[in-house]
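In: build me a model from this:
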Amino acid sequence: MRLAAASRVRCTPAFHPNLYPHPAVDAAKSRQQVKAELAEARRHGDLVAVGETGQTYRDLYPQRYGTKPATASASGSWQVGHEAATR
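Out: This next block holds a predicted model:
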């Protein structure tokens, strides 16, 4: 028994778009915002220098870039307060 050509066609999004949800779309950034982020990443050495290892320019040349400012983490501040309270 031979199947008709139409029955052999696989169901793809092109044939049944209502069966496949659309991916969520993030808010688009303007060209100026993207260029500003790129310039900031260059200044801070956050661009990937070696694609195979994932090293950034900051990793390869730390003397060219200043130290990153320390950011307070919630767990770190809790630990300091907890240690002081237990003493």
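
In: alpha carbons only for contacts and neighbour counts from here, please
Out: Will do.

In: for the protein, give me the ranges with low pLDDT.
Out: Scanning the chain for pLDDT under 70 picks out the ranges 1-14, 68-87.

In: quick one: the strands in it?
Out: With DSSP state E as the criterion, the chain has strands at 48-50, 55-56.

In: for residue 35, which of those strands is the nearest?
Out: Nearest to residue 35 among the strands of the chain is strand 48-50; the distance by C-alpha to C-alpha comes to 16.4 Å.

In: residue 46 against residue 61, yeah?
Out: No - the pair residue 46 / residue 61 is not scored as a contact, 11.2 Å apart, by C-alpha atoms under 8 Å.

In: so who does residue 40 touch?
Out: Applying C-alpha atoms under 8 Å, 6 or more residues apart in numbering to residue 40 gives no contacts.

In: from residue 52, how far out is it?
Out: According to C-alpha to C-alpha, to the nearest Å, residue 40 stands 23 Å off from residue 52.

In: repeat for residue 34
Out: Applying C-alpha to C-alpha, the value for residue 34 to residue 52 is 24 Å.

In: please apply the same query to residue 30.
Out: Relative to residue 52, residue 30 is positioned 30 Å away (C-alpha to C-alpha).

In: for this protein, which segments count as helices?
Out: For the chain, the helices defined by DSSP state H cover 5-8, 31-44, 57-60, 74-86.

In: rewinding a little: dump the strands of the chain into JSON lines; add distance to residue 18 as well.
Out: Formatted as JSON lines, the strands of the chain follow (distance: least, C-alpha to C-alpha, whole Å):
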{"stretch": "strand 48-50", "distance to residue 18": "40"}
{"stretch": "strand 55-56", "distance to residue 18": "43"}
